[in-house]
Each structure stands twice: as C-alpha cells, then as structure tokens.
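Colleague: just coords:
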C-alpha cells in the first residue's frame, strides 16, 4: 500500500480574495437561477455545459448547507464545461421519509431539470452523509443496463462524503476498540469508566423506541430494521436481479441493480473523517474494516487530506491511477452483514480519502461530520474536501474529453 499525505489546501492568497469574492457572488446568483427544476437562465444555456454534477445533502439538511461547497467548486470549475446542480427536493424533515421516498423525489427533480437542459452528456453525483445513500438509490433506479447510462447520461464520478454505507446498527458489537463500528456516538459512551455502561445500556434498551420516534422511517432503514433492508439491497448482489425476471421469491417486481449501476461510474471516491465524527465511523465512510484502517496519528498529522489510497476494481476497470493501488483485504469484518457489503462495494474499486477536519466549538462548528462540507464559512480547512473533490471531477472530465470528442 502506498499512500499520499499532505495538508489540505483552501483559498489562501489574500491578494486574490477580492477577485474570488466577486466570482463567488456571480456564481451564487447563477446557481439560484438554475437550481430549481424548470428554471431558465439564458446565460447558463448559452454556455452549453456538457457535464452535470448533482449535489445531494444529508439528514435534516438543505441545499443551503452546500453554499460554500458550491462556491469553492464553481471557482475551481471556472474554465470547465461543468454545471453544479444542488438538490432541493428533500429539505429538512422530508429526509425522515426513508431512502426510497427521498430517492424518488430526487429522481423526479433531476429528470425535470434535465428536460430544460439538453446539452448534458455526462453526470457525476456528490452525496454527503445520508445523501450518498439517497444518490445510490436514485442511481440504481435510473440505470439502463443496455446503454450503461444513468438519467440517460454517461456516468462519470460518484463521490460520497461521510456516507454510512453500512447503515448505523452497532448492536452486534461487544468491543468498539476491536470491532467494526459504524456509528461511534452510540458506543463511545460505554468506554467511560464506571458510569459509561449506564448510558450505553439505556440506549441499547430504548434504541428501537428512539429510532422510531426521532428518525422515523429513515431511522429504521439506517438501523437495518426495515422488512427488506434497503441498505442491504443496495450493497448485496444476492438481493438484486439484473435479468428482469423478478426477485428471489418469484415476485414480478424487478429489484434494481444498485451495484451494477454504481460500477458503471468511471470513478468512485469516498471521504471519511479520521477523528471527531461521532455520526459515521471512519471505516464506515471509507468502506473499510477497522483492521484495514491506515495507521495515522490524528494528533500529529496536519488538518486537511492526510491520506489517499486507490484500490482497483476487481477485475480492474477504468483509467489508470497515479497512486499505487492497495490490495483487497484478506480479513473479514466482525459483522456478517457488514462483511457482505464491504466485499461487494470494495470490489468496484474506490479512491479512499482520509481527512482531518477542524472542530471549532467556540465558533458554533463542533461537528466534524458537518464541517467537512463547510456548512459554516469560518475556516479554510472546511473547504478542503470541496476543492479536492472538484479537482478530481475536473480530472475525470478531462480524461473523458480526451477519450471522446465532445
């Protein structure tokens, strides 16, 4: 395994700040005009942008949470034929309706937008937290196995930022220090001496009630409590049917080929926080087992992107990478359900990006899970992932345009 280390880079030059500010202001106005399905904008249409990037927010989120991400991305996309579209279909409490309902709304929204814009040829999707799962659902539902298209466009890059790929059910665990955690905040209290066992036990007893009352249908799905767990469907070939003959029980309803749809993207990238994310564990966000996590000292490394690894698809597919690929792990996860999803997902090939995100409690930014997408513009480190992911998207587009006359 060869890894790439370095500091995260945000907008740093004070001499260019005024220019960047003016650019960002115009970008924001343009996005406000085109981010709504059916919206029109002559200047936008005249550019004939060919590459669509869709951003999908997470639980209790809204399009406003991507404001600074969009500004950073658009500034990086200034010379590219790339359009950034921020989903607005699942704001706030709507995200509690479940992955399927949120996914269907996203599909309807993107289809409506594409009807007004006929110039797009490719699509890339960026999802934060739950948004990564909603995006995977929409990807599977709109995938055309014959044409290898999604939303009728050629899929380029899927990016997941702190997405709980394996859900949030940690009830199988007995030792968070050794086993594969998926939701740290539900188990870390148990490690507090003496009193720690009390809140851990209470949550274990009332977990079902809490999930149902507060997180509703989405909570049931994240904790794998739904009848036919949608998260397992999206991560297991055994629950999918790509032949059109129905599911394993003989039902006529076809199960979407979620993994095949995800595999159709030329590249896949996942970001995870190496510390401070009490919502989605580092190994969950980066599709790893705990024993496969790189040995990184969170105290010693600088803020920003601290490690970057590329694992090839199995069998290898897609463009060659600059980084030396890592080998698939021969180890197994401590939970059989998680192991199935890890094995299937990692076989697709991923770029895993490990990030150390700054936490500023005194400035109202105490959560690394939110800070990684710069919900508040109070520190350049919060823009690290926006700049890094947009650079990856640009490189993907350039490779596509090199291989295809656009």
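Modeller: Cool, the structure landed. Please read all numbers here as calculations on a predicted model, not as lab measurements.
Colleague: please make it C-alpha for all contacts and neighbour counts, starting now.
Modeller: Fine.
Colleague: mind listing the helices for the protein?
Modeller: Secondary structure of the chain (DSSP state H): helices at 17-34, 42-46, 67-76, 99-116, 130-142, 197-210, 216-222, 230-235, 258-263, 282-285, 336-346, 368-371, 384-403.
Colleague: for those, give me a markdown table that also has distance to residue 61.
Modeller: Shown next, in a markdown table, are these (distance: least, Cα to Cα, whole Å):
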| stretch | distance to residue 61 |
| --- | --- |
| helix 17-34 | 17 |
| helix 42-46 | 26 |
| helix 67-76 | 12 |
| helix 99-116 | 12 |
| helix 130-142 | 9 |
| helix 197-210 | 20 |
| helix 216-222 | 14 |
| helix 230-235 | 20 |
| helix 258-263 | 24 |
| helix 282-285 | 18 |
| helix 336-346 | 26 |
| helix 368-371 | 10 |
| helix 384-403 | 17 |
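Colleague: for residue 295, find the nearest of those.
Modeller: Checking the helices of the chain against residue 295 by Cα to Cα gives helix 282-285 as the closest, at 12.4 Å.
Colleague: and that closest one, what does it pack against?
Modeller: Applying 3 or more Cα pairs under 8 Å, 6 or more residues apart in numbering; DSSP states H and E, we find helix 282-285 packed against strand 267-273.
Colleague: rerun at 10 Å
Modeller: On a contact count with 3 or more Cα pairs under 10 Å, 6 or more residues apart in numbering; DSSP states H and E, helix 282-285 meets strand 267-273, strand 350-356.
Colleague: export the ones you listed to JSON lines and tack on mean neighbour count, distance to residue 51 and mean pLDDT?
Modeller: Shown next, in JSON lines, are these (neighbours: other Cα atoms under 10 Å; distance: least, Cα to Cα, whole Å; pLDDT from 0 to 100):
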{"stretch": "strand 267-273", "mean neighbour count": "25", "distance to residue 51": "15", "mean pLDDT": "98"}
{"stretch": "strand 350-356", "mean neighbour count": "25", "distance to residue 51": "21", "mean pLDDT": "98"}
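Colleague: dump those strands to TSV, plus distance to residue 95.
Modeller: Formatted as TSV, the helices and strands packed on helix 282-285 follow (distance: least, Cα to Cα, whole Å):
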stretch	distance to residue 95
strand 267-273	21
strand 350-356	26
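Colleague: which one, of the ones you listed, ends up nearest to residue 293?
Modeller: With Cα to Cα, the closest approach to residue 293 among the helices and strands packed on helix 282-285 belongs to strand 350-356: 9.7 Å.
Colleague: rewinding a little: do you know which of the helices of the chain lies nearest residue 58?
Modeller: With Cα to Cα as the measure, helix 130-142 is the member of those nearest residue 58 (4.4 Å).
Colleague: for the closest one, packing partners?
Modeller: strand 51-56, helix 99-116, strand 122-128, strand 149-150, strand 154-161, helix 216-222, helix 230-235, helix 258-263.
Colleague: just give me the neighbour total for residue 396.
Modeller: Number of residues near residue 396 (other Cα atoms under 10 Å) recorded here: 18.
Colleague: show me where pLDDT drops low in the stretch 151-300 of the chain?
Modeller: The stretch 151-300 of the chain contains residues with pLDDT under 70 at 170-208, 238-254.
Colleague: try 80 this time
Modeller: Flagging of the stretch 151-300 of the chain using pLDDT under 80 yields the residue ranges 169-214, 238-255.
Colleague: sorry, back to before: of all the helices and strands packed on helix 282-285, which one is nearest residue 370?
Modeller: Closest to residue 370 of the helices and strands packed on helix 282-285, according to Cα to Cα: strand 267-273, at 10.5 Å.
Colleague: now the closest one against strand 350-356, angle please.
Modeller: With axes from the mean of the first three to the mean of the last three Cα atoms, to 10 degrees defining the directions, strand 267-273 sits at 20 degrees from strand 350-356.
Colleague: does anything pack onto strand 267-273? Which helices or strands?
Modeller: Applying 3+ Cα pairs under 10 Å, 6+ apart, one finds that strand 267-273 contacts strand 122-128, strand 154-161, helix 282-285, strand 304-311, strand 350-356, helix 368-371, helix 384-403.
Colleague: out of those, deepest packed?
Modeller: With neighbours defined as mean count of other Cα atoms under 10 Å, the helices and strands packed on strand 267-273 peak in mean count at helix 282-285, which reaches a mean of 26.
Colleague: ok, now which ones touch the spatially closest residue to residue 92 that is not a sequence neighbour?
Modeller: Leaving aside its sequence neighbours, residue 92 sits nearest to residue 60 (Cα to Cα, 6 or more residues apart in numbering; 4.0 Å). Neighbouring residues of residue 60 by Cα atoms under 10 Å, 6 or more residues apart in numbering: 90, 91, 92, 93, 94, 95, 96, 130, 215.
Colleague: closest one to residue 85 among the helices of the chain?
Modeller: Nearest of the helices of the chain to residue 85, taken as Cα to Cα: helix 17-34 at 7.4 Å.
Colleague: quick revisit: quick one: closest of the helices and strands packed on helix 130-142 to residue 345.
Modeller: Nearest of the helices and strands packed on helix 130-142 (Cα to Cα): helix 230-235, 6.6 Å.
Colleague: what helices or strands is the closest one leaning on?
Modeller: Using 3+ Cα pairs under 10 Å, 6+ apart, the elements in contact with helix 230-235 are helix 99-116, helix 130-142, helix 216-222, helix 258-263, helix 336-346.
Colleague: most neighbours per residue, which of those helices?
Modeller: helix 130-142 (a mean of 26).
Colleague: so residue 123 touches residue 150, yeah?
Modeller: Yes. Between residue 123 and residue 150 there is a contact under Cα atoms under 10 Å: 7.6 Å.
Colleague: spit out the residues that contact these two alike.
Modeller: Jointly contacting residue 123 and residue 150 under the rule Cα under 10 Å, 6+ apart are 156, 265.
Colleague: could you count how many residues lie near the residue nearest to residue 169 when sequence neighbours are not counted?
Modeller: Once flanking residues are discounted, residue 169 sits nearest to residue 223: 4.5 Å by Cα to Cα, 6+ apart. Using other Cα under 10 Å, residue 223 is surrounded by 21 other residues.
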